[in-house]
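[1] Kindly return the folded structure for what I paste below:
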Amino acid sequence: MLETDELTALAALAAESAPRSEERRELEPDVVKLLLRTGFARHFVPRELGGSEGTFAELTEAVARIGAACPATAWCASLAANLGRMAAYLPADGYREVWAQGPDQLVAGSLSPFGRAVPAPGGWMLSGRWPYVSAVAFADWLLLCGTLPENAGARVFAVPRDAVTIVESWESVGMRATGSHTAVVTDVFVPDHRGFDRADLLTGRPVASAAACHTVPLEAANGLSFAGPLLGAAEGALAHWSAYAVVKARSALLRPQAPGPSRIGLAEVLAHSAGETDAARLLLERCARVADRGTDVTAEETRRNLRDTALSVKMLATAVNRLAANGGTSGFGESAPLQRYWRDVNTSATHVALQFESAAVSYAEGRLWTTETGGPEAAR
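    Numbering: from 1, shown residues only. Below you'll find the model as predicted:
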C-alpha cells in the first residue's frame, strides 16, 4: 500500500526541487529516497518478499497526484512500480535474488530488444545498448531485453547495476529530470533463473506468480504506466493556469476596456481543458479497474484499454496545449511551472506505447476486419 502521508511529502518535495532536478537532468537523491519510502518500488512486488501486490487503480491515482507536482518524478515513480511488476515474471529464484535486500530495490530497464544474447553454460551472455532508461542512475537492478540467435524470440534479463555502464545521453527538452540515459552491457553472464521470455510478459504468463497484478496481459496495463503521470501533469497545469486566470478575470471585470483576455475567453479555456482532463481521468480509472482483473481481462477489453490510454493522452495534450497558449507571456518564463508541464506532456505523448493510430488499428480488429479477411492494408 502506498503511504498517504509520504505521498503528500513527496509531492511537496518534488515540486520544490523540480527546477534543480531539471538543471541536473535527473531527480535529486532525496526525492528518490522518499519515492522509495512511499512504496512505489514495492507496489507490485510479491507479498512473500515484503511487497504489496497492489492495484493499478491505487497506483494510477498516486502517480497522478505526484504528477500534478512534478511530472518527471511521477514518471520515475510509475516506472519504478511497473518495472518491479515485470521483475516478478522471473523464476522464483530470480526474483528472490532481485529482492534479497528488501522490496524497495529500484528496478529500471527497457523492453526494447536492443541487445543480443548468446547461450552459455547455465545461462546467457548479454550485450547491447538501451537508450531512454529512466532513473537508471538510481537503479539497483535493470531489466534489459535481448534477441536470441536464429530468430528464437527475445528474452528479458535481470542485470545488477554494477554490471551496467551508464552513458549520459539524455538531452530532451521535456521530462528533463527523468535522467533517461543509455544503459550499456558488454558480454555479461546472466544465469537462466534471471531471465524470462518476453512473450510471457505480453500474454500475462509469469513463471512463478499467480497474482492478478502479474497475470494481466501487458497491453491491458502498459499504457497506464505512461498516461498516469500525464494525467497528473494536466491537472497540475490546470491549477497553475487557473491561478493566472483568476487575476486576469478580475482585471477584465474592473477594467473592461483594457487589453487582455476576456472573461468569456477564459471561461471557454477553463471549461474545455477541465472537461478534457476529467474525461481522461474517467477513462484511465476504468482502464485501471480492468487491468486489476488479471487473467479475467478479455482480448476486447485489452484493445479497449489500448484505445483509451492513447485517447486519454491525446485529450490531455490538447488540454495542456490550450492552457499554455492562453497562459500569457509569463507562462513561458523559465521558472514558470506551466511551460514545464507543457514540455513534459508533449514530450511524453510521443512514447511508442501511447500512439493513437496503432491503438485504433488494434481496436478495429474484429470490428471492421479480422485476420482472416485482412487488415486495412489489404484494402489499399
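
[2] quick one, strands of the stretch 51-200 of the chain?
    Assigned by DSSP state E, counting those that start in this stretch, the strands in the stretch 51-200 of the chain fall at 107-120, 123-133, 141-147, 154-160, 165-167, 181-191, 195-197.

[3] go on, the stretch 201-350 of the chain?
    For the stretch 201-350 of the chain, no strands are identified by DSSP E, counting those that start in this stretch.

[4] Surely Trp241 and Gly327 touch.
    Yes - using C-beta atoms under 8 Å, Trp241 makes contact with Gly327 at a distance of 5.3 Å. Just so you know, the C-beta spots here come from the backbone N, C-alpha and C atoms, and that holds for glycine as well.

[5] Can you pull the residues that touch both of the two?
    Among the neighbours of Trp241, those also in contact with Gly327 (C-beta atoms under 8 Å, 6 or more residues apart in numbering) are Leu338.

[6] When the two are compared, which one has more neighbours?
    Under the neighbour definition other C-beta atoms under 10 Å, Trp241 and Gly327 were set side by side, and Trp241 has more, 27 against 24.

[7] Could you check the pLDDT of the more buried one?
    On pLDDT, Trp241 comes in at 96.

[8] Neighbours of Ala360, how many?
    15.

[9] re earlier: let me have the strands of the stretch 51-200 of the chain in CSV, extended by distance to Ser209 and mean neighbour count.
    Output for these, formatted as CSV (distance: least, C-beta to C-beta, whole Å; neighbours: other C-beta atoms under 10 Å):
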stretch, distance to Ser209, mean neighbour count
strand 107-120, 15, 20
strand 123-133, 21, 19
strand 141-147, 15, 24
strand 154-160, 15, 22
strand 165-167, 30, 13
strand 181-191, 19, 18
strand 195-197, 11, 23
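
[10] Buried residues of the worst-scoring helix or strand of the chain on mean pLDDT, list them for me.
    Lowest mean confidence among the helices and strands of the chain (mean pLDDT, DSSP states H and E): helix 218-254, at a mean of 93. Neighbour-count burial for helix 218-254 flags 218-238, 240-242, 244-245, 248-249, 252 (criterion: 16 or more other C-beta atoms under 10 Å).

[11] can you give me the angle it makes with strand 107-120?
    150 degrees (axes from the mean of the first three to the mean of the last three C-alpha atoms, to 10 degrees).

[12] now for helix 218-254, which elements pack on it?
    On a contact count with 3 or more C-beta pairs under 8 Å, 6 or more residues apart in numbering; DSSP states H and E, helix 218-254 meets helix 56-67, helix 71-87, helix 198-203, helix 263-291, helix 299-325, helix 337-348.

[13] quick one: contacts for Ala353?
    222-223, 225-226, 309 are the contacts of Ala353 under C-beta under 8 Å, 6+ apart.

[14] and the two most separated of these?
    Longest distance between any two of the contacts of Ala353 is 9.1 Å, between Ser225 and Thr309; criterion C-beta to C-beta.

[15] Show me the shaky parts of the stretch 1-150 of the chain.
    Residues of the stretch 1-150 of the chain that meet the criterion pLDDT under 70 lie in 1.

[16] With the stretch 251-380 of the chain instead?
    The stretch 251-380 of the chain contains residues with pLDDT under 70 at 252-260, 372-380.

[17] Identify the residue spatially nearest to the residue most central in space within the chain, adjacent ones excluded.
    Residue closest to the mean C-alpha point of the chain, counted by C-alpha atoms, centre = their mean, is Phe226 at 2.9 Å. The shortest distance from Phe226 to any non-neighbouring residue, by C-beta to C-beta, 6 or more residues apart in numbering, is to His351 (5.2 Å).

[18] just checking, the one you found touches Ala227?
    No - using C-beta under 8 Å, His351 is not in contact with Ala227, being 9.4 Å away.

[19] returning to what we had before: I'd like the strands of the stretch 51-200 of the chain as TSV, with distance to Gln339 appended.
    Output for the strands of the stretch 51-200 of the chain, formatted as TSV (distance: least, C-beta to C-beta, whole Å):
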stretch	distance to Gln339
strand 107-120	27
strand 123-133	23
strand 141-147	32
strand 154-160	37
strand 165-167	29
strand 181-191	24
strand 195-197	42
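
[20] What backbone torsions are found at the residue nearest to Phe226?
    Main-chain torsions, His351, degrees, to the nearest 10: phi -60, psi 140.

[21] Run a quick neighbour tally on it.
    Per other C-beta under 10 Å, the neighbour tally for His351 reads 18.

[22] separation between Ala80 and Thr38?
    Distance, Ala80 to Thr38, using C-beta to C-beta, to the nearest Å: 10 Å.

[23] Could you check which of those two is surrounded by more residues?
    Between Ala80 and Thr38, counted using other C-beta under 10 Å, the more crowded position is Ala80 (29 against 25).

[24] For that one, which residues are in contact?
    Ala80 sits next to 35-36, 40-41, 106-108, 135 when contact means C-beta under 8 Å, 6+ apart.

[25] Can you list phi and psi of the closest residue in space to Gly204 that isn't next to it in sequence for me?
    In this structure, Gly204 finds its nearest non-sequential neighbour in Pro217, 4.3 Å apart by C-beta to C-beta, 6+ apart. Backbone torsions of Pro217, given as degrees, to the nearest 10, read phi -60, psi 140.

[26] Check Tyr89 too.
    Main-chain torsions, Tyr89, degrees, to the nearest 10: phi -80, psi -10.

[27] separation between it and Gln339?
    Separation of Tyr89 from Gln339 (C-beta to C-beta): 39 Å.

[28] who has more neighbours, the two?
    Tyr89 (26 against 18).

[29] show me what contacts the residue nearest to Arg307 when sequence neighbours are not counted?
    In space, and not counting its chain neighbours, Arg307 is closest to Tyr363: 4.3 Å by C-beta to C-beta, 6+ apart. If you count contacts by C-beta under 8 Å, 6+ apart, Tyr363 has them with 303-304, 306-307.

[30] Dump these to JSON lines, plus distance to Arg24 and neighbour count.
    Converted to JSON lines, the contacts of Tyr363 look like this (distance: C-beta to C-beta, whole Å; neighbours: other C-beta atoms under 10 Å):
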{"residue": "Arg303", "distance to Arg24": "40", "neighbour count": "21"}
{"residue": "Arg304", "distance to Arg24": "40", "neighbour count": "20"}
{"residue": "Leu306", "distance to Arg24": "35", "neighbour count": "25"}
{"residue": "Arg307", "distance to Arg24": "37", "neighbour count": "19"}
